[in-house]
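A.B. asks: Sequence first, then the predicted structure, then my questions.
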2 protein chains.
Amino acid sequence: MTSAIEPHKARRLYLLLRDQITSGRLPPGARLPGEPALAAEHGLARVTVRRALDLLAGEGLVRRRAGSGTFVQGPADPRPVVGDLPNLLSGLIAMGRATGVRLLSFDYVAAPAGIAEALLLEPGERVQRSVRVRLIDGQPFSYLTTHVPERVGLSYSEADLAATPLLELMERSGVTADRATQAIGATLAGPEVAQALDLEVGSALIDLTRVVFDPSGRGVEHLHALYRPDRYAFQMDLLRTGDAGERRWTPAAAKPETRSRPAHRRPAP
Amino acid sequence: MTSAIEPHKARRLYLLLRDQITSGRLPPGARLPGEPALAAEHGLARVTVRRALDLLAGEGLVRRRAGSGTFVQGPADPRPVVGDLPNLLSGLIAMGRATGVRLLSFDYVAAPAGIAEALLLEPGERVQRSVRVRLIDGQPFSYLTTHVPERVGLSYSEADLAATPLLELMERSGVTADRATQAIGATLAGPEVAQALDLEVGSALIDLTRVVFDPSGRGVEHLHALYRPDRYAFQMDLLRTGDAGERRWTPAAAKPETRSRPAHRRPAP
């Protein structure tokens, strides 16, 4: 057992605890386990645990009270977005939240193989690729990489995309979005995304891929979106339907809402 | 710039690249950036990059070909689950996939504040708390922490829960699940969950919370579920409905499916 600080292990513990605090699993006011308990659970020296707690305290996420322990502070941003699954942007606008967008890149490229396959492109068909960061109340919360077939992308300009939601631009120019498939997973923030979303490398992100088709079945948009889970969660209401033995959950018409405290979104198990 | 290996930085790069491979963003056959490019992008010494690639190669995730670079190998498990949003278990059974469960703990406790609030419990009402790991084809893919009001939990035993889905037990004993709210986010695996799901600490996980209510509005189940994103993704089909100006996405009746290659689930942007 060494008593030297191990900075990268401290950083790892800091990221884990930060995640528990921002997700609400460690709610405001909760007392963290003591240094000896954290050291034992994570197999770390106490000085390393202390360094992790220093990092949390430096960000205002915890407060240490002499003789009584370390306590979670209330979150800096008390208004995380809790939106319904598919209609993020219209929901935010309906809520009257201030949204913004930063266009990070915009160009036309050969379609990567996976994109060409998902959008059912003709061989050699090129795509418009854009990267945008979306903001809520001035804070970045999503990182969007979009691929659109060139024939669709040419109907609007880079300046249009920096100001108007993509689906609205497409529908204005006569492209009809008819149906989409969507998959939600989780991933880690790499250096580029971490910087754009104002996060540490290695933070957890929600990972969404949506492919949109027109009525003839041609792909018109491939969206890959990464969301900060402390600023956004996918929320939906479900109804239990069907006869006994065949009971299943059916999505109810969900509407986006804000929550006053993230701690209540995912209570500590 | 040092030329000594920094093992924790190597581990961080290994986790990021592993995540890109298992998520399909780096599909089988893709060529990784060269060591100098990775070193520059991540601010690491080349020996540290090499250590990260050694770790990936040791797991069979990449193969190095002398003189031509490092290439992504096909995944070890070619059948990730891609389920619809709410009906995970019935979907898996309908697919004929072999599912299993490990009951890790089962007890009755005072309700944590967040749980009591979410389930709308009476003051002092106790809860049954269980922790289960669910397996698909013998591999762990989800870690479920469930809180159920004591009055509901007493209608089945620990042995029942180790063998039968909870909602089925509740419905058999006369409790009617009527509606639920559900939120999906992302989080990092801590030591306990990482061990149960056979993962590295700090891996990305899908984080789901579902609260189920009976027809009278009383809470009957609080579920907190963590999913390995390389073994499970939430998939849904959407339809674009409504008149011009009021167009929005509506969930379509989704059915679970398997995919032959995870690489096509979330193509590289």
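C.D. replies: Arrived safely.
A.B. asks: any residue of stretch A:179-189 up close to chain B?
C.D. replies: Yes. Stretch A:179-189 reaches chain B (CB under 8 Å from any CB of the partner chain) through A:179-188. For the C-beta atoms, the positions are set from N, CA and C on the backbone; glycine is no exception.
A.B. asks: Quick check, pLDDT for the closest residue to residue A:36 other than its chain neighbours.
C.D. replies: Nearest non-adjacent residue to residue A:36, counting by CB to CB, 6 or more residues apart in numbering or on different chains: residue A:46, 6.7 Å away. Residue A:46 carries a pLDDT value of 91.
A.B. asks: Count the residues that sit near residue A:46.
C.D. replies: For residue A:46, the neighbour count with other CB atoms under 10 Å in any protein chain shown is 16.
A.B. asks: Give the burial count for the residue of the stretch 101-250 of chain A at minimum distance from chain B, as a bare number.
C.D. replies: The nearest approach of the stretch 101-250 of chain A to chain B comes at residue A:114, 2.2 Å away (CB to the nearest CB). Residue A:114 is flanked by 22 other residues according to other CB under 10 Å.
A.B. asks: ok but it is inside a strand, no?
C.D. replies: No. Counting by DSSP: H, G, I helix; E, B strand; the rest coil, residue A:114 is not part of a strand but helix.
A.B. asks: Was I right to think it contacts residue B:27?
C.D. replies: Yes. Using CB atoms under 8 Å, residue A:114 is in contact with residue B:27, at 6.1 Å.
A.B. asks: quick revisit: narrow the residues of stretch A:179-189 next to chain B to those in strands?
C.D. replies: A:179-188 (DSSP state E).
A.B. asks: List buried residues within the residues you listed.
C.D. replies: With neighbours counted by 16 or more other CB atoms under 10 Å in any protein chain shown, these contain buried members at A:179-188.
A.B. asks: Including distance to residue B:238, could those residues go into TSV?
C.D. replies: Below are these laid out as TSV (distance: CB to CB, whole Å):
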residue	distance to residue B:238
A:179	6
A:180	4
A:181	7
A:182	6
A:183	11
A:184	12
A:185	17
A:186	20
A:187	21
A:188	27
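A.B. asks: returning to what we had before: next, format the residues of stretch A:179-189 next to chain B as JSON lines and append pLDDT.
C.D. replies: Shown next, in JSON lines, are the residues of stretch A:179-189 next to chain B (pLDDT from 0 to 100):
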{"residue": "A:179", "pLDDT": "88"}
{"residue": "A:180", "pLDDT": "88"}
{"residue": "A:181", "pLDDT": "85"}
{"residue": "A:182", "pLDDT": "84"}
{"residue": "A:183", "pLDDT": "84"}
{"residue": "A:184", "pLDDT": "87"}
{"residue": "A:185", "pLDDT": "89"}
{"residue": "A:186", "pLDDT": "93"}
{"residue": "A:187", "pLDDT": "94"}
{"residue": "A:188", "pLDDT": "95"}
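A.B. asks: quick one, phi psi at the nearest residue to residue A:6 once chain neighbours are set aside?
C.D. replies: Once flanking residues are discounted, residue A:6 sits nearest to residue A:48: 5.0 Å by CB to CB, 6+ apart. Note on residue A:48: backbone dihedrals following degrees, to the nearest 10 are phi -70, psi -40.
A.B. asks: Hmm, residue A:10 and residue A:48 touching each other?
C.D. replies: Yes. Contact criterion CB under 8 Å: residue A:48 and residue A:10 qualify, at 4.9 Å.
A.B. asks: between those two, who's got more neighbours?
C.D. replies: residue A:48 (25 against 22).
A.B. asks: State the distance from that one to chain B.
C.D. replies: 11 Å (CB to the nearest CB, to the nearest Å).
A.B. asks: Next up, the contacts around that residue.
C.D. replies: A:5-6, A:9-10, A:13, A:39 (CB atoms under 8 Å, 6 or more residues apart in numbering or on different chains).
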